[in-house]
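Colleague: Need a 3D model of the following:
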Amino acid sequence: GNSAITQALLSNKQTLENLAAKELLNLRSMQEKIHISMADTHFSVLSALLSGNVQPYEQVENLAELGIEFPGESFAVLFFRCRALEQAAKSRRAEAAKEWDLLEFVIGNIIGEYHACATLQYKDGVVAIVNPLPGAKEMVETADLVCAVCRSELDAVFCVGVSRTVGSLARVGDAYQESRLVAAQAAELNKPVLSYTDALKMAVPEQDYAQLIEAQYYLLSACRNQSWEDAAKLLDHICGRILAQSGTDVRMLNMQVLDMMNAMIRQLDGDRCFPEEDMAGLSELVYAVMECQSAGEIQEVANRFSAALRVCAAHAGEAHSQAFVRQVHDIINTQYANIDLSVAYIADLIGYNPKALSAAYKQKTDRGLLDAIHTKRVEEARRLLEETDKSVVEISSLTGYENVNTFIRVFKRYSGVTPGGYRDSLGKR
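Modeller: Sure thing, here's the model as predicted:
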């Protein structure tokens, strides 16, 4: 029996080898597809973070397998530009791509010695999203080390932009904008590494820098107080002062305006002042500042940002009015039977001064608040007169009137007849 099986196997040796080779090819093909799929997911998750979208990151379960692990709560972005490779990529795409792959690998490994990080090739450079670890090297020191190693070992010369540290993944997009602008400025100044903070100080004389910080404080205070018209006017004034700087490099102007707008976006987002779609529109204009090539273009985007802020404020005011009126009506509709229900009672519930509440309600609905209370109570009284045999005294109590004579007087004012007359008109006794 065994010899027959052996003979059969030997006679089909060629077929078995072919099957094994096919299976090996299939396995390799499957592994390659898995690798490509993971690489695509890695890129899509990180590129989404760079555009300010954290949803793909939150939806992925196997982040560790993708090489994306951020244990801390603060983040910085380093943007690496290599001019030689930017030129090479235009003429020798395949060869340049391999060099970029190697540089990305080296950058990720060096930074990974000191911080949790994830890297990707994005647009025209290598981006490192860094999760700084306590006590580790500062970001600028880390970037200096990467540049030194790549220059000595790979003959690659970088210009690196280092963002400020931000406090959440949702703000990695802001940090990326900063790192790109600073990397461009580093290239202009022939510096290997430049931080956003240092670049901003270089962009503005010390006295003007202090004034800029002070103006930004007043701007953010206006946003916190939801004084939107004041905020828009302050933004226009500050941008006008920034853009009036004669002889200033356009990237320096970009940085200053971008810094102002990003500060506003962070304040508005943190306070949840506007709906998501309105915030997305403002954020798009912040990104547009990065692409401006002249002071005129920056001014145009700044004007659009101010106009968009005013539109957002109008939407927020309308939404606030609707929510305010709905809140007051909910109280009236659920507590009309409460004999304590009054303007003062509602004001106390929602934290208003009674006079201010009456004025606000009148302004938003064009009717008095006491009128709204009586209207609801009379509507309910009519329903009880139509659907029940309860007495006028009982109905008076059930609709929040402690004194039956007051009830009858109010009912007649709103219905034209007394409660008894209304019931008689229905053919009921």
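Colleague: Now do the strands in the chain.
Modeller: Counting by DSSP state E, one finds strands in the chain at the ranges 76-81, 116-122, 125-131, 159-162, 193-195.
Colleague: ok, the first one: who's next to it in the sheet?
Modeller: Read that as strand 76-81. Paired strands of strand 76-81, with direction, are strand 125-131 (antiparallel), strand 159-162 (antiparallel) (DSSP bridges).
Colleague: could I get that strand in CSV with only the CA atoms?
Modeller: This file holds the C-alpha atoms of strand 76-81, laid out as CSV (Å, rounded to 0.1, in the frame of the first residue of the first chain):
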residue,chain,number,x,y,z
ALA,A,76,4.3,68.6,16.8
VAL,A,77,4.9,68.3,13.1
LEU,A,78,8.3,68.4,11.4
PHE,A,79,8.3,69.1,7.6
PHE,A,80,11.5,68.0,5.7
ARG,A,81,12.3,69.5,2.4
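Colleague: Report the rounded mean pLDDT for it.
Modeller: Averaged across strand 76-81, the pLDDT comes to 93.
Colleague: again, but for the third one
Modeller: Confidence over strand 125-131, taken as the mean pLDDT, stands at 92.
Colleague: picking up where we left off before, for the strands of the chain, which one sits closest to Ala337?
Modeller: Among the strands of the chain, the nearest to Ala337 by C-beta to C-beta is strand 125-131 (57.3 Å). Backbone N, C-alpha and C define where each C-beta goes, glycine included.
Colleague: Need the contact partners of the closest one.
Modeller: 46, 49-50, 70-72, 74-82, 100, 103-104, 107-108, 111, 115-121, 139, 142, 172, 176, 179-180, 183 (C-beta atoms under 8 Å, 6 or more residues apart in numbering).
Colleague: Could I get the buried residue list for it?
Modeller: Residues of strand 125-131 classed as buried: 125-131 (neighbour count, 16 or more other C-beta atoms under 10 Å).
Colleague: now, which of the residues you listed sits nearest Leu66?
Modeller: For the buried residues of strand 125-131, the nearest to Leu66 is Ile129 (12.6 Å; C-beta to C-beta).
Colleague: residues contacting the closest residue to that closest one other than its chain neighbours?
Modeller: Closest residue in space to Ile129, ignoring its immediate chain neighbours: Ala118 at 5.2 Å, by C-beta to C-beta, 6 or more residues apart in numbering. Counting by C-beta under 8 Å, 6+ apart, Ala118 touches 42, 46, 67-70, 108, 128-129.
Colleague: same thing but at 7 Å, please
Modeller: The contact partners of Ala118, taken as C-beta atoms under 7 Å, 6 or more residues apart in numbering, are 46, 67-68, 129.
Colleague: likewise Ala215?
Modeller: Shown in contact with Ala215 (C-beta under 7 Å, 6+ apart): Ile238.
Colleague: and with 8 Å instead?
Modeller: So Ala215 contacts 234, 237-238, 241 (C-beta under 8 Å, 6+ apart).
Colleague: and what of Val77?
Modeller: Neighbours of Val77 in contact, by C-beta under 8 Å, 6+ apart: 50, 127-130, 162-163, 172, 175-176, 178-179.
Colleague: out of those, what pair is the most spread apart?
Modeller: Leu50 and Val162 (15.3 Å).
Colleague: More neighbours: which of these two?
Modeller: When Leu50 and Val162 are compared for neighbours, Val162 comes out ahead with 31 against 21, by other C-beta atoms under 10 Å.
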